[in-house]
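Colleague: coordinates only, sequence not included:
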């Protein structure tokens, strides 16, 4: 596991910085104070951007991602689907257990108003942890593990981080929701990747699993 982290420092170094910074902020300020501070920064362009960017964390994104990976390496597709399913099961189970109120509900009870992005459907419960953030960090952490390009690894971290931030920007979640969800997503990504890459049942048929599931053959006409 340590060697896996070292090989992917372009993703994990900024992620660990995020964990340290986020943990420090959460230890000093309350979740409501943090959210009110974030809620101060809005613009029409940012509203448009984050209301669309947040969709990258939707569960439905597993379908196009799996199809793309099917053209690259069958094993990667398997890892991604398994990781996604485990993330959804664990994250949704925690949502059910905690049934935590979302920012809109909390601030309504406190008689405080929030800036809400127009045309965004707001939810009241199941705030902890954030499903979009868990899914986003799981999927893009896995993509970082698949590639050898350090620039792409860093880009994948930024994409996941912006998905998490979008959930706070849209007032759907608190920082503690996306912070915890990121840990869930990354841990599941590391576990699933290590398990499938080293499992005997997959390595026994490595010739099949380590090739594209779908191949495109373009034959030249004579």
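Modeller: Here it is on my side, so go on. All figures in this text were calculated on a predicted structure; none of them were measured in a lab.
Colleague: residues making contact with stretch 20-33?
Modeller: Outside stretch 20-33, the residues that touch it by C-beta atoms under 8 Å, 6 or more residues apart in numbering are 34, 37, 106-107, 110, 174-176, 179. Where C-beta positions appear, they are placed from N, C-alpha and C, glycine not excepted.
Colleague: what pLDDT does the most centrally placed residue in the chain get?
Modeller: Residue closest to the mean C-alpha point of the chain, counted by C-alpha atoms, centre = their mean, is residue 136 at 1.7 Å. Here, the pLDDT recorded for residue 136 equals 97.
Colleague: give the contact list for it.
Modeller: 56-57, 159-160, 163-164, 185.
Colleague: between the residues you listed, identify the one with the most neighbours.
Modeller: residue 185 (34 neighbours; other C-beta atoms under 10 Å).
Colleague: could I get the pLDDT score of it?
Modeller: pLDDT for residue 185: 98.
Colleague: now it: which helix or strand?
Modeller: helix 175-198 (DSSP states H and E).
Colleague: okay, buried residues for that helix please.
Modeller: By neighbour count, with 16 or more other C-beta atoms under 10 Å as the criterion, the buried positions of helix 175-198 are 175-190, 192-193, 196-197.
Colleague: so how far is that helix from its chain's centroid?
Modeller: 9 Å (C-alpha atoms, centre = their mean, to the nearest Å).
Colleague: that helix packs against which elements?
Modeller: Judged by 3 or more C-beta pairs under 8 Å, 6 or more residues apart in numbering; DSSP states H and E, the packing partners of helix 175-198 are helix 2-7, helix 9-28, helix 31-38, helix 74-98, helix 131-146, helix 150-169.
Colleague: and residue 164, what does it touch?
Modeller: The contact partners of residue 164, by C-beta under 8 Å, 6+ apart, come to 130, 132-133, 136-137, 178-179, 181-182.
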